[in-house]
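[1] Build the 3D model from these lines:
(2 chains)
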There are 2 protein chains.
Amino acid sequence: MARAVEEKRSQLVVGLDPRLDLMPVELRGDAHLGPASAALSYERFCCAVIDAIAPHAVAVKPQLAFFEALGSHGIHALEEVVDYAQGAELLVIVDGKRGDIGSTARAYAAAYLEDRGPLPPLADALTVNPYLGGDAVEPFVTACRRQGTGIFCLVKTSNPGSADLQDLALSDGRPLWQHVGELVDHWGETVVGEQGLSSVGAVIGATHPHAIADARRVLPRAILLMPGVGAQGAEPADLRPAFALGPASVLVPVARSVIYAFRSDDDDDWRSAIGQAAARLRASIWTASGW
Amino acid sequence: MARAVEEKRSQLVVGLDPRLDLMPVELRGDAHLGPASAALSYERFCCAVIDAIAPHAVAVKPQLAFFEALGSHGIHALEEVVDYAQGAELLVIVDGKRGDIGSTARAYAAAYLEDRGPLPPLADALTVNPYLGGDAVEPFVTACRRQGTGIFCLVKTSNPGSADLQDLALSDGRPLWQHVGELVDHWGETVVGEQGLSSVGAVIGATHPHAIADARRVLPRAILLMPGVGAQGAEPADLRPAFALGPASVLVPVARSVIYAFRSDDDDDWRSAIGQAAARLRASIWTASGW
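    Residues are numbered from 1 along each chain as shown, chains lettered A, B, ... in the order given. Below is the predicted model of the structure:
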């Protein structure tokens, strides 16, 4: 991951959130006929996005929910899209926010972070929800150790409602999310790589600028996946304190502002609008990183 | 849900956790050849389980992770299994522990809790992880209101590691899970049905007997989904305080002790061992309910 960031001079992760109502009309085809046709539209759109952003992004982040909503057809499209992204030398962060216990967590790890028979893992990294605790996260960490894959645990998410649980004051006065951050740091201490970065990263919303320095302090070896730039209103410059561990210590996922850039752009060519949005964001994030 | 419990005199929910290494050898077939064959074995096994338990259980609970681990083939098998369960007049609780924000949460709700074109919703209810807060749960509640489906929010899970986050003491001295329970009660107050039970239920591990009365107090209109009976060591009698709102106010998911009952049983017929285990559990849970 760190090598890819440095070679491409990019921390941009393009979110793949396919939506029929937003994608170019020419790709919608027969999507109204049912999930099999809609899945084909998703696949065409995501592969075109990959072509447009591959020079500028270090990874793509398919959002599982959109593919799951088309059932087995959607998951088949996801598999094709991931294969295409890997062919374009992009890392793949599967956004599923999975989490469960025991043999179930092991099944999720097998689904995303481990070899699938002769095929490589579906994901280079998976987002994970920590609410069930350390024994639920351990099977994912074991998979990371064995396969060289990674996870990003939710710590402080970008949405306003994140305050409901994550900002609750604990008996020592700290917000819950800081304690979760410490747990995540602890869970990842056995899978730290050459550059001092752990395979266990954390999700910290870029929409909470006052929390970013605190997040970096409690997570001194985590790659931070920081959503919220673009449609949710955060600016790349807000992220600067998070980059303390080097250019690869932050990844910035952006979906709508890139993949639907053509909807608020005069550019007639939707592919070039997507590519240009990715190029602009890559440059501004790299500059913010200060490296 | 309440009507089905009363008609069948059963609160038993049979967990569908298909695992090749545990299922009857005769069903494994060519499963070693790859995910398409393995998915066929899953489908055959789960449908046989459904035949065996249908007279005794009120619902089945397919565990998404096991199906996801076989990719699109696994999700296709899940769709077939759900269709078969619906045909056997069983309710379907999809165990996915999903949770995300905005349009992503809406996509998860569409995937599981809403009509799929001409087909009914895949699930009668879905398990949901509350860590992202109220705005992440709201799209699920909206789907429940529109479709008459339900969710079960994780509150206090059955695993030992649940203590890591869920038992953290807040500044007022209460454990986090009790505060989450209050939030869940609040999220569900607009979708309360005739019997005083909300479409927003809660997951409370049966493995924490001292917490059960507290859980019922903070969740005075929730159906409690209470895992932990069987392989995890809890007894049906432990659940008694949770039944305060009537026979349908608790559902008891059991997976291994039912679907793999034949592995610790002298019965040569694995189907009958599964059916007998379900019958015994149904009876002991119904007795514990005191109704």
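[2] Quick check: closest non-adjacent residue to the residue of chain A positioned farthest from its centre.
    Here chain A has its C-alpha centre computed as a mean, and the residue farthest from that point, by Cα atoms, centre = their mean, is A:Ser171 with 32.2 Å. Nearest residue to A:Ser171 in three dimensions, chain neighbours excluded: B:Ala169, at 4.2 Å (Cβ to Cβ, 6 or more residues apart in numbering or on different chains). Just so you know, the C-beta spots here come from the backbone N, C-alpha and C atoms, and that holds for glycine as well.
[3] Run through the bridge partners of the one you found.
    Per DSSP bridges, residues listed as beta-bridge partners of B:Ala169: B:Pro175.
[4] Surely it and A:Leu170 touch.
    Yes: taking contact to mean Cβ atoms under 8 Å, the distance of 6.6 Å between B:Ala169 and A:Leu170 places them in contact.
[5] more crowded one of those two?
    When neighbours are counted by other Cβ atoms under 10 Å in any protein chain shown, A:Leu170 comes out ahead of the other of B:Ala169 and A:Leu170, with 15 against 12.
[6] Find me the pLDDT at that one, would you?
    Among the per-residue scores, A:Leu170 holds a pLDDT of 98.
[7] Surely it is in contact with B:Gly173?
    No: using Cβ under 8 Å, A:Leu170 makes no contact with B:Gly173, being 10.7 Å away.
[8] that older thread, tell me how far the residue nearest to A:Ser171 lies from B:Ile274.
    43 Å (Cβ to Cβ, to the nearest Å).
[9] Likewise for A:Ile75?
    Counting by Cβ to Cβ, the separation of A:Ile75 from B:Ile274 is 29 Å.
[10] How much space separates A:Gly34 from chain B?
    As defined by Cβ to the nearest Cβ, to the nearest Å, A:Gly34 lies at a distance of 6 Å from chain B.
[11] To clarify, my last question referred to A:Lys156.
    In this structure, A:Lys156 lies at 10 Å from chain B, with Cβ to the nearest Cβ as the measure.
[12] beta partners for that residue?
    Applying DSSP bridges to A:Lys156 yields these beta-bridge partners: A:Ile204.
[13] Surely it touches A:His179?
    No: counting by Cβ under 8 Å, no contact exists between A:Lys156 and A:His179, whose distance comes to 11.3 Å.
[14] For the two, indicate the residue with more neighbours.
    Here A:Lys156 and A:His179 are compared on neighbour count by other Cβ under 10 Å; more neighbours surround A:Lys156, at 26 against 20.
[15] who's in contact with the more buried one?
    By Cβ atoms under 8 Å, 6 or more residues apart in numbering or on different chains, the contact set of A:Lys156 is A:162, A:166, A:177, A:181, A:203-205, A:208, A:211, A:215.
[16] try it again with 10 Å
    A:162-163, A:166-167, A:175-178, A:180-181, A:202-205, A:207-208, A:211-212, A:214-215, A:224, A:226 (Cβ atoms under 10 Å, 6 or more residues apart in numbering or on different chains).
[17] Among those, name the ones in strands.
    The strands, defined by DSSP state E, take in A:202-204, A:224 from these.
[18] What's the end-to-end length of stretch A:189-205?
    When the termini of stretch A:189-205 are compared using Cα to Cα, to the nearest Å, they are 22 Å apart.
[19] what's in contact with the lowest-mean-pLDDT helix or strand in chain A?
    Among the helices and strands of chain A, helix A:25-28 carries the lowest confidence by mean pLDDT, DSSP states H and E, at a mean of 91. Taking Cβ under 10 Å, 6+ apart as the criterion, the residues outside helix A:25-28 that touch it are A:18, A:20-21, A:37-38, A:40-46, A:48, A:270.
[20] Now do the buried residues in it.
    Neighbour counts using 16 or more other Cβ atoms under 10 Å in any protein chain shown place A:27-28 of helix A:25-28 among the buried residues.
[21] Equivalent analysis for stretch A:42-62, please.
    Buried residues in stretch A:42-62, counted by 16+ other Cβ under 10 Å: A:42-50, A:52-54, A:56-62.
[22] Among the residues you listed, which ones are in helices?
    Assigned to helices by DSSP state H, the following of these qualify: A:42-50, A:52-53.
[23] Can you show me the helices along the stretch 151-291 of chain A?
    Read by DSSP state H, counting those that start in this stretch, the stretch 151-291 of chain A holds these helices, from start to end of the chain: A:163-166, A:176-187, A:212-218, A:256-259, A:270-289.
[24] How about the contacts made by A:Ser103?
    With Cβ under 10 Å, 6+ apart, A:Ser103 has these contacts: A:139, B:17, B:19, B:22, B:63, B:65-66, B:255-256.
[25] now these: which count as buried?
    In those, burial by neighbour count holds for A:139, B:17, B:19, B:63, B:65-66, B:255-256, counting by 16+ other Cβ under 10 Å.
[26] Quick one: neighbours of A:Ala31, just the number.
    The local packing count at A:Ala31 equals 18, with neighbours defined by other Cβ under 10 Å.
[27] quick one, what contacts it?
    When contacts are taken as Cβ under 10 Å, 6+ apart, A:Ala31 is in contact with A:20, A:23, A:37-42, A:70.
[28] picking up where we left off before, nearest to B:Gly148, out of the helices of the stretch 151-291 of chain A?
    Ranking those by their distance to B:Gly148 (criterion: Cβ to Cβ) puts helix A:163-166 first, at 26.0 Å.
[29] For the closest one, which outside residues touch it?
    Residues contacting helix A:163-166 (Cβ under 10 Å, 6+ apart): A:131, A:154-157, A:159, A:175-180, A:205, A:208, A:211, B:130-137, B:165, B:176, B:179-180, B:183, B:186-187.
[30] OK, contacts around the nearest residue to A:Val254 once chain neighbours are set aside?
    Computed as Cβ to Cβ, 6+ apart, the closest residue to A:Val254 that is not its neighbour in sequence is A:Gly230, at 4.6 Å. With Cβ under 10 Å, 6+ apart as the criterion, the residues that contact A:Gly230 are A:15, A:206, A:236, A:252-258, A:261, A:277, A:281.
[31] and with 7 Å instead?
    Going by Cβ atoms under 7 Å, 6 or more residues apart in numbering or on different chains, A:Gly230 touches A:254, A:256-257.
[32] so which residue of the stretch 151-291 of chain A comes closest to chain B?
    Nearest to chain B, among the residues of the stretch 151-291 of chain A, is A:Gly161, at 3.1 Å (Cβ to the nearest Cβ).
[33] From what I see, that residue and B:Pro130 are in contact.
    No: distance between A:Gly161 and B:Pro130: 9.8 Å, which falls outside the contact criterion (Cβ atoms under 7 Å).
[34] More neighbours: the two, which one.
    More neighbours surround B:Pro130 than the other of A:Gly161 and B:Pro130, with 26 against 18 (other Cβ under 10 Å).
[35] Could you check the pLDDT of that one?
    Note for B:Pro130: predicted pLDDT of 98.
[36] Now it. Its backbone dihedrals?
    As for B:Pro130, its main-chain torsions (degrees, to the nearest 10) stand at phi -90, psi 0.
[37] From B:Gly150, how far off is it?
    Distance from B:Pro130 to B:Gly150, counting by Cβ to Cβ: 15 Å.
[38] Repeat that for A:Asp135.
    In this structure, A:Asp135 and B:Gly150 are separated by 28 Å, where distance is defined by Cβ to Cβ.
[39] same deal with A:Gly161?
    For A:Gly161, the distance to B:Gly150 equals 20 Å [Cβ to Cβ].
[40] what does A:Ala242 give?
    Remark: distance between A:Ala242 and B:Gly150 (Cβ to Cβ) = 39 Å.
[41] Please say which of the two ends up with more neighbours.
    Using other Cβ under 10 Å, the more surrounded residue of A:Ala242 and B:Gly150 is B:Gly150, with 27 against 23.
[42] got a list of what that one touches?
    When contacts are counted by Cβ under 7 Å, 6+ apart, B:Gly150 touches B:1, B:124-125, B:144, B:199, B:201.
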